[in-house]
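# My questions are about this predicted structure, shown below with the sequence.
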Amino acid sequence: MATQNGGPNPSAAPSLNVLAQYTKDFSFENPNAPNSLAAPPSQPDVNIQIHVNAKPGGNGEFEVELKIEGGANVNGETLFAFELVYAGVFRILNVPEQSLQPVVLIECPRILFPFARQIIADAVRNGGFPPLMIDPVDFAALYQQRMQAEAQRFQAGQA
């Protein structure tokens, strides 16, 4: 990275590099096997929750965690449940300060998501069920929800 007076070079192009990706934590449960492997009498209820967290490191590096939790139930009985924390280390350089948080919380999880989706699909299939193909996620909308929730908490703290 070129520097000018100790700071980033304003003429340098912004860059986003993936330095590493990894499974940080993973759990898959099939608590009622082998009974749960028979064709369910009705369509299972599938529930999925997605959370994004980030921690800054040094030299423009950030660890971004994509946490996906979910499972499937039929008539209140669990077919399967999973929790995955899939993370990546990203180096982000020459991005304006006001754009840094959206890059970290939108673009980085967008890069991680296909890999996390495949891990979950494979685990569900290996658990004896059809693969769970999670629909694409709008990380920009998740970011907006997060910002609105933080603004509401801030306003509630001011009252």
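Here it is on my side, so go on. Keep in mind that what you see is a predicted model, and the values were worked out from it rather than measured.
# For residue 16, see how far away the residue nearest the centre of the chain is.
Residue closest to the average C-alpha location in the chain (C-alpha atoms, centre = their mean): residue 66, at 2.3 Å. Relative to residue 16, residue 66 is positioned 16 Å away (C-beta to C-beta, to the nearest Å). (C-beta placed from N, C-alpha, C; glycine too.)
# can you give me the helices in the protein?
97-102, 108-126, 139-158 (DSSP state H).
# of those helices, which approaches residue 56 most closely?
helix 97-102 (9.4 Å; C-beta to C-beta).
# got a list of contacts for that closest one?
92, 140, 143 (C-beta atoms under 8 Å, 6 or more residues apart in numbering).
# ok, 6 Å please
The contact list for helix 97-102 (C-beta atoms under 6 Å, 6 or more residues apart in numbering) is empty.
# before we move on, what about stretch 28-46?
72, 73, 74, 78, 79, 80, 81, 82, 123, 127, 128.
# List the contacts of the second one.
Translated: residue 73. Contact partners of residue 73, counting by C-beta under 6 Å, 6+ apart, are residue 45.
# now do 8 Å
Per C-beta under 8 Å, 6+ apart, neighbours of residue 73: 44, 45, 47, 79.
# which among those residues gets closest to residue 86?
residue 47 (18.6 Å).
# quick one: that closest one and residue 78 touch, right?
No: using C-beta atoms under 8 Å, residue 47 makes no contact with residue 78, being 10.6 Å away.
# shared neighbours of those two, anything?
71, 72.
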